[in-house]
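**Student:** Any chance you can model this:
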Amino acid sequence: MFTLAFWKGTAERVVASTAGGALAAIGADSFGVIQADWQGIASLALGAGVISLLKALAAGAKDGNPSLTNAETTPNAKHRAG
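**Tutor:** Below you'll find the predicted structure:
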């Protein structure tokens, strides 16, 4: 949990979760982007980011890896379809 690789992986997950939360909130808004409640969208997105950070910390406490599934360390991880 005290390695640069752990924090890089954690940062990637937090940014992706935050962006996903924002996109989900924007997509669920029936008024469109112009009239969107940006404070509510930001709140939801930051909440998703905090949850992602807490999950990474919980996983890292177990084995020093921010992933609960250890997908990055499997032999076939390089062969995933992109």
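
**Student:** mind listing the helices in this structure by residue range?
**Tutor:** Taking DSSP state H as the criterion, the chain carries its helices at 4-28, 38-63.

**Student:** Same question for the shortest one: list its buried residues.
**Tutor:** By 16 or more other Cβ atoms under 10 Å, the buried positions in helix 4-28 come out as Phe6, Gly9, Thr10, Arg13, Val14, Ser17, Thr18, Gly21, Ala22, Ala25. To be clear about C-beta, it is placed using only N, CA and C from the backbone, and glycine gets the same treatment.

**Student:** Can you tell me how far Gly32 is from Ile26?
**Tutor:** Distance from Gly32 to Ile26, counting by Cβ to Cβ, to the nearest Å: 9 Å.

**Student:** Oops, could you answer that again for Thr18 instead?
**Tutor:** 13 Å.

**Student:** Show me where the chain dips below the pLDDT cut-off.
**Tutor:** Applying pLDDT under 70 to the chain flags residues 29-31, 70-82.

**Student:** So for Met46, what's the nearest residue that isn't a sequence neighbour?
**Tutor:** To be clear, residue 46 is Leu; Met isn't right here. Thr18 (6.6 Å; Cβ to Cβ, 6 or more residues apart in numbering).

**Student:** what's the answer for Pro66, then?
**Tutor:** That would be Ala56: by Cβ to Cβ, 6+ apart, it lies 3.8 Å from Pro66.

**Student:** Please name the nearest non-neighbouring residue to the most centrally placed residue in the chain.
**Tutor:** With distances taken as Cα atoms, centre = their mean, Ser17 lies nearest the centre of the chain, 2.9 Å away. Distance criterion Cβ to Cβ, 6+ apart; nearest residue to Ser17, sequence neighbours excluded, is Ser52 at 3.6 Å.

**Student:** quick one: contacts for that neighbour?
**Tutor:** Arg13, Val14, Ala16, Ser17, Thr18 (Cβ atoms under 8 Å, 6 or more residues apart in numbering).

**Student:** In stretch 47-54, which residues are buried?
**Tutor:** Ala48, Gly49, Ser52, Leu53.
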